[in-house]
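[1] please work out how this folds:
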Amino acid sequence: MGPIVGHARASSRSGSSAGLGAREMEEEAAGGGGGGAGCIVVVGDRSSFVTGLIENRAKEVGVAAFDLRSASLHLSQYIETSCSYQNTKTLLHFYDPMVVIVPPNKTAADGMVGVSELVDKNYPSNKKVTMARGCFDDTKGAVMVKNLSARDPSALGLDTYCKQYYLCLAAASATIKWIESEKGVIITNHSLSVTFNGSFDHMNIDSTSVQTLEIIDPLHTELWGTSNKKKSLFQMLKTTKTTGGSRLLRANLLQPLKDIQTINTRLDCLDELVSNEELFFGLTQGLRKFPKESDKVLCHFCFKPKKVTDEVLKPANGRKSQLLISDIIVLKTALDAIPFLSKVLKGAKSFLLQNIYQTVCENPKYASMKKRIGDVIDEDVVHSRAPFVACTQQCFAIKAGIDGLLDVARRSFCDTSEAIHNLATKYREEFNMPNLKIPYNNRLGFYFIIPQKDITEKLPNKFIQVVRHGKNVHCSSFELASLNVRNKSAAAECFLRTELCLEGLINEIREDIGILTMLAEVLCLLDMIVNSFAYTISTKPVDRYTRPEFTDDGPMAINAGRHPILESLHTDFVPNNIFLSEASNMVLVMGPNMSGKSTYLQQICLIVILAQIGCYVPAQFASLRVVDRIFTRIGTGDNVENNSSTFMTEMKETAFIMQNVSSKSLVVVDELGRATSSSDGLAIAWSCCEHLLSLKAYTVFATHMEGLSELATMYPNVKILHFEVDLRNNRLDFKFQLKDGVRRVPHYGLLLARVAGLPASVIDTATSITSRITEQEMVRMDANCEQYRSLEMAYQAVQRLICLKYSNQGDDYIREALQDLKESYAAGKLT
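    Numbering: from 1, shown residues only. Purely as a prediction, here's the structure:
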């Protein structure tokens, strides 16, 4: 498939997931979705990750995350820079594991609590599994990974990783041992997708930022003054049709891409889909032909039961046989859908779609597998989500005449099914209930639904297990219960005989397991790009979303950017710009409360995330430098559980930023230092700004502290912006429009205090005090502006030169711009 889809696979393993349970298995079987191939059942959006953790005294942490749904193993090893294990928390938040495996004894460095205690604090006890230290064997882990990986060991660079990343291999050893022991399966050799250090090949967004930016869940769903519900970015984009596509979308939002080639490949594909309606609708229709559970079922063939014994033949295990048959039917339906997909993709021009066409649609192995299945499975059998239809399809999956006992069991199944429907007809006539229905589900079998309006007096004594559901009554009878038992017994016999007939076919399928995992990966990727990205863009007015451009070290320039979530709720949303470069890497945003500062900060981050997952962005133009990490310090609140005040929480988050920020990071800070005294708060904010200025990280800093605006007089790479506010009749009129420079709204805090109802005498005294303070500050700031004027001019000139360096304009335009710059600089008129 090449590097493009492979890279996407590495980022597709979200922690949203899937779980295990008896009743859920039954309900899942109603839709035919899987687990029979390896006795592992993953349901819906529950977690499907099993994660192993181990650390050493050098503050290194090894993580192995095994995704049961997609049959993939992700290994990461890193140095934990924070005593609070912030990097490990972020990784665990991404995977959202169903089980966390840790060693029994603390092996952490002094001052670190240890991963075992970390898991105790953040997860319920039933999610934690403690395994002996001897199970964390890096040598055995390396052998396991080598044998199970679908890729060649040399391509993985396993020899190098054995020496450098021994901790994650030790975690892999314990994780694989637990899965094979607990789930009773053997993982097929050369079937797993293995990635090393996968998490850090992508943009890193810590769990606090995920929450404050409302990437997965909104902080507040209710919007004042409107009946609309506020959504998160994930909820806005979640128009995918499959669970796998939804999981891939979540994973990409939590860990966006950093590789420009992969991002542009997705954007090229999106360009073609947006411009070619026939291709877009064709792919939408083609993806509908694949069962919703395809990605999950295709990967289940990587697992096989450890041992087949006489226990398999017991009626109690009929459910496992039914799930296996369901998996085969889903596989057959998916393979039947490939020719239509091939027809749609044949004329595609983008590299990604061409690559999918060549590696999937033109791959003869799929046709060969389809033929092998067709030799055993009846041609008319199709996947169905209706419970009784699915059950019937599973009973008649094998062609007639292959197994005599199976044919006998089928006849018994048909006879009892017919008898049940005849019984329903008899009751309709006998009790004058023309609207009596006879539905079916996997847990209850057949049962009666009778509208209450048809029950004139008392329900006849023949009906038992009576339960009221709204306007209907659900019930059964002794005759129906007897027929249900016979019907289920016949179906179970069909399932068991069918499983025996399928044993050889399943072994043949496992020989080509790689093409199934690749097909699952392709379906998830297409679902995300077509049904989420392209669909979302198609629902917006023309030219509202634009393709972003990327550079390695260029500026971040967004023209007329809009908040992707709020713009859909407010038709009059005001767009704003942002420009950051090496010569101007910090923007201070000022303005009164409620003027739009926090929305603007969140907007910038969400646009960057959208761009780096390969989607269009809500702006007229966007040119971005690839961001390796997003840090946010937004919001206030005590953490009573950890005995942490608002200010302490603020300082801990700020400390994490300072310890981990890099030159390629994006830092967004809202109101730093407001939770302590004004002098200390200003000092801390000023000092943090100076530290960030010494780096090349792009920083957007929102504040009420007018004293911070003096940074621009001393550091020319600081730009001051403000949100425009008009003062009318002692009331603030918010424009939500960003303007250059400092705009002082006199005593806006006092205006809001007056509106809140403070006594007039208190307001008058406060006004007098603040006027004297402001007058002294203005004199000092004017002197500073004059002192640093020449340095500010030089930086402004450099900033314009950087813009011209990355401009795509012609030579004549650039010569003219350089001449204008020279003249303006000489005249001292640069602004």
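[2] burial of the closest residue to Pro104 other than its chain neighbours, as a residue count?
    Sequence neighbours aside, Thr130 is the residue nearest to Pro104 in space, at 5.0 Å (criterion: C-beta to C-beta, 6 or more residues apart in numbering). C-betas here are computed from N, CA, C, even on glycine. Neighbours of Thr130 under the rule other C-beta atoms under 10 Å: 14.
[3] quick one: Thr130 and Val99 touch, right?
    No. In this structure Thr130 lies outside contact range of Val99 using C-beta atoms under 8 Å: 11.2 Å.
[4] pretty sure Ile449 is in a strand, no?
    Yes. Counting by DSSP: H, G, I helix; E, B strand; the rest coil, Ile449 is part of a strand.
[5] now for it: which residues touch it?
    Counting by C-beta atoms under 8 Å, 6 or more residues apart in numbering, Ile449 touches Leu436, Lys437, Ile438, Pro439, His469, Asn472, Val473, His474.
[6] again, but for Arg497
    Neighbours of Arg497 in contact, by C-beta under 8 Å, 6+ apart: Asp403, Leu405, Leu406, Ala409.
[7] please list only the buried members of those residues.
    Among the contacts of Arg497, the ones that count as buried by 16 or more other C-beta atoms under 10 Å are Asp403, Leu406, Ala409.
[8] which of these fall in helices?
    Among these, the members found in helices (DSSP state H) are Leu406, Ala409.
[9] same question for stretch 186-199, mean pLDDT?
    Here stretch 186-199 scores 78 as its mean pLDDT.
[10] and if you look at stretch 720-728?
    On average, stretch 720-728 scores 81.
[11] by pLDDT, give me the weakest of the buried ones among the contacts of Arg497.
    Of all the buried ones among the contacts of Arg497, Asp403 has the smallest pLDDT value, namely 88.
[12] if we can go back for a sec, could the buried ones among the contacts of Arg497 go into JSON lines alongside distance to Pro548?
    Formatted as JSON lines, those follow (distance: C-beta to C-beta, whole Å):
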{"residue": "Asp403", "distance to Pro548": "59"}
{"residue": "Leu406", "distance to Pro548": "58"}
{"residue": "Ala409", "distance to Pro548": "60"}
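[13] so which of the buried ones among the contacts of Arg497 is the closest to Gly514?
    Asp403 (30.6 Å; C-beta to C-beta).
[14] is it true that the closest one touches Glu499?
    No. In this structure Asp403 lies outside contact range of Glu499 using C-beta under 8 Å: 10.8 Å.
[15] any idea what Leu588 is bridged to?
    Taking DSSP bridges as the rule, Leu588 bridges to Phe701, Ile720.
[16] Gly62 belongs to a strand?
    Yes. Using three-state DSSP, the assignment for Gly62 is a strand.
[17] for my notes, confirm Leu526 occurs in a strand.
    No. Membership of Leu526 in a strand is not supported by three-state DSSP, which gives helix.
[18] gap between it and Ile377?
    Separation of Leu526 from Ile377 (C-beta to C-beta, to the nearest Å) stands at 25 Å.
[19] look at Leu73 and give its secondary structure.
    Criterion first, three-state DSSP; result for Leu73: strand.
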